[in-house]
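Q: Could you work out the structure for the sequence below:
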Amino acid sequence: MKKIFIAVLGLTAAFALTSCKSQESAYRKAYLQAQANQQQAPTNTTSVAVPTGNYDDEDVSVTPVTTPTQPATTRVNPSTSAEVDAAPVRTYDGGHSVVSGSQLKAYSVVVGSFTVQTNAEGLCQQLRNAGYDARVAKANTPINGQTWYRVVASSYDSKASAVQSRNELKSRYADAWLLYNK
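A: Predicted coordinates for the structure are as follows:
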C-alpha cells in the first residue's frame, strides 16, 4: 500500500512539474522588445507590460508609454502693453500686512503661500540669499478658515516691471503669480 501511495505521489509531482511551462522566454522577449523601443526613441519612457498567468510567447505585449512633452514657453515682452494688460493679477479684499521685510508696492510677485509662518520665512531667506528683496506678507482675512503667509520675491509700482520679474522667476518657481495690493 505504501509503495502504491509513493508511486502515485511521485507521478503526480512529476506531472505537475512538467505541465508548468517556464515563462522565462516570455520575460526575455518582452525585455528585448523594450530595449529595442528604448534605442529607437531614447527620449520616451517605455513601460513593459508582462502578462501574468500561463500564456504562450505570442501573448506577450509591450506597450510603450511616452511622456508628454511640454510646449516651448515663450517669453512675454513686458514692454507690449497688450501683453502686460492681459497678465492675470489676484487681489484680496482683506489685503495683506507685511510680517518681515519692506512694504509692498502696488504689484508684487508671489512665489509661495504657506499656512505655517516658519515655512514662509525659510523660503523668504532663500530668496534673500539669492539677491531678491523678499518679504513675507500675511493675509489679513483668513482664507478657508486658515491664515496664509505669502512669500513675495519682489514688489513694483508698475505692472510691466512685475510681469517681467514674474517671467524671470517662473523658471524656478513655476506657480509664481501677481498680487495687486490695493
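Q: all helices for this protein, in order.
A: 2-19, 24-40, 81-86, 117-129, 159-169 (DSSP state H).
Q: closest to His96 out of the ones you listed?
A: Using Cβ to Cβ as the criterion, the shortest distance between His96 and those is 11.9 Å, found for helix 117-129. Every residue, glycine included, has its C-beta placed from N, CA and C.
Q: could you dump the closest one to CSV, C-alpha only?
A: Listed next in CSV are the C-alpha coordinates belonging to helix 117-129 (Å, rounded to 0.1, in the frame of the first residue of the first chain):
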residue,chain,number,x,y,z
GLN,A,117,4.9,81.2,9.0
THR,A,118,8.2,79.4,9.6
ASN,A,119,8.0,77.8,6.2
ALA,A,120,7.3,81.1,4.6
GLU,A,121,10.3,82.7,6.5
GLY,A,122,12.5,79.8,5.2
LEU,A,123,11.7,80.4,1.6
CYS,A,124,12.0,84.2,2.1
GLN,A,125,15.5,83.7,3.5
GLN,A,126,16.5,81.6,0.4
LEU,A,127,15.3,84.3,-1.9
ARG,A,128,17.2,87.0,0.1
ASN,A,129,20.3,84.8,-0.2
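Q: which other residues reach it?
A: Outside helix 117-129, the residues that touch it by Cβ atoms under 8 Å, 6 or more residues apart in numbering are 99-101, 111-114, 134-136, 138, 149-151, 153.
Q: Repeat that for stretch 151-159.
A: The contact list for stretch 151-159 (Cβ under 8 Å, 6+ apart) reads 84-85, 87, 89, 101-114, 120, 123-124, 127, 132-137, 162, 165, 169, 173, 176, 178-179, 181.
Q: let's go with 7 Å and repeat that
A: Contacting residues not belonging to stretch 151-159 are listed as 84, 87, 104-112, 120, 123-124, 127, 132-137, 162, 165, 169 [Cβ atoms under 7 Å, 6 or more residues apart in numbering].
Q: so Gly101 touches Arg135, yeah?
A: Yes: under the criterion of Cβ atoms under 7 Å, Gly101 is in contact with Arg135, at a separation of 2.4 Å.
Q: okay, the two: which has more neighbours?
A: Arg135 (24 against 17; other Cβ atoms under 10 Å).
Q: Just list the residues touching the more buried one, thanks.
A: When contacts are counted by Cβ under 7 Å, 6+ apart, Arg135 is found next to Val98, Ser100, Gly101, Ser102, Cys124, Val152.
Q: Mind splitting this structure into its structural domains?
A: 21-67, 81-180 (automatic domain parsing).
Q: Need the winner for burial among those domains.
A: Per-stretch averages of neighbours, counted by mean count of other Cβ atoms under 10 Å, single out domain 81-180 among the domains of the chain, with a mean of 16.
Q: Lowest mean pLDDT across the helices of the chain, which one is that?
A: Here the lowest mean pLDDT among these goes to helix 81-86, at a mean of 65.
Q: Lys2: which of the contacts of helix 117-129 is nearest?
A: Of all the contacts of helix 117-129, Lys2 sits closest to Phe114, with 76.6 Å by Cβ to Cβ.
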